[in-house]
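K.L.:
I need the structure of the sequence given here:
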Amino acid sequence: ELRTFTGHTAAVSAVAITPNGQWAVSGSSDCTLKVWELESGRLLWTLNDHPGGVSGVALTADARWAVSASWHGTLSVWDLRSGLRVRAIRTLSDGLVAVALVPDGTRALCGSADGTLKMWDLDTGRELGRMMRHSLELDDFQEGLRNLQLEQRVSGDQLSEEDEAMDESLLLSQLAQSHV
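P.N.:
Numbers count the residues shown, from 1 in each chain. Take a look at the predicted model:
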């Protein structure tokens with residue numbers, strides 16, 4: 001049966017479904033997150049106090065936590081059992097447009113309108129690394145990247161743009177895995 005979920009007072013800009021398929025969490029420009037029971041379409045609760053319009057939402061595998069991103073640059077961690085925000089991380093990036101979680105739910109990768117990706121530790125609120133417009137700046141990988149570039153200069157090898165993009169994708173993937 002097809003259902004319509006109503007309740008936000010502005011555009012819905014983000015939606016995530018719990019892995020067990022029981023709940024959906026929607027985020028809106030009205031600065032709220034709403035938790036819905038999918039089978040009945042019933043609104044379970046509204047998560048208020050979001051700093052700015054919601055631009056992204058991700059859920060942990062156990063459906064205990066939601067992480068939302070705001071247009072104002074804040075990541076918020078929500079306890080879905082209590083409906084309370086338990087942490088706000090000011091990312092110093094304007095216009096967060098997306099958020100994703102690593103499988104264990106302890107780190108979030110967020111993307112911003114300026115082309116920056118940042119990895120955050122959700123327990124400490126500490127930035128773990130960033131990729132800025134094709135320029136990777138990660139503590140764990142800076143030395144390796146410098147060595148790779150030095151080897152290319154010494155050998156005279158020229159990488160194509162496609163190879164450089166693939167190298168950056170590989171390094172970003174390694175960053176996510178190294179912090180698991």
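K.L.:
alpha carbons only for contacts and neighbour counts from here, please
P.N.:
Noted.
K.L.:
Next, Asp79: phi, psi?
P.N.:
phi -90, psi 110 (degrees, to the nearest 10).
K.L.:
pretty sure it contacts Arg85?
P.N.:
Yes: with contact defined as C-alpha atoms under 8 Å, Asp79 reaches Arg85; the gap is 6.3 Å.
K.L.:
Spatially central residue in the chain, please.
P.N.:
Val99 (1.8 Å; C-alpha atoms, centre = their mean).
K.L.:
Could you double-check that it sits in contact with Arg107?
P.N.:
No: Val99 sits out of contact with Arg107 when judged by C-alpha under 8 Å, with a separation of 10.3 Å.
K.L.:
gap between the nearest residue to Ser112 once chain neighbours are set aside and Gly129?
P.N.:
Excluding its sequence neighbours, the residue lying closest to Ser112 (C-alpha to C-alpha, 6 or more residues apart in numbering) is Leu96, at 4.1 Å. Counting by C-alpha to C-alpha, to the nearest Å, the separation of Leu96 from Gly129 is 16 Å.
K.L.:
Then Ala100?
P.N.:
15 Å.
K.L.:
Count residues in the vicinity of Leu33, would you?
P.N.:
When neighbours are counted by other C-alpha atoms under 10 Å, Leu33 registers 28.
K.L.:
I'd assumed Asp49 was in contact with it.
P.N.:
No: if you go by C-alpha under 8 Å, Leu33 and Asp49 don't touch, sitting 9.3 Å apart.
K.L.:
residue ranges for the helices of the chain, please.
P.N.:
Secondary structure of the chain by DSSP state H: the helices cover 142-155, 161-178.
K.L.:
any weak-confidence spans in the protein?
P.N.:
Applying pLDDT under 70 to the chain flags residues 1, 133-180.
K.L.:
Please name the nearest non-neighbouring residue to Trp78.
P.N.:
With sequence-adjacent residues excluded and distances taken as C-alpha to C-alpha, 6+ apart, Trp78 is closest to Arg85, at 4.3 Å.
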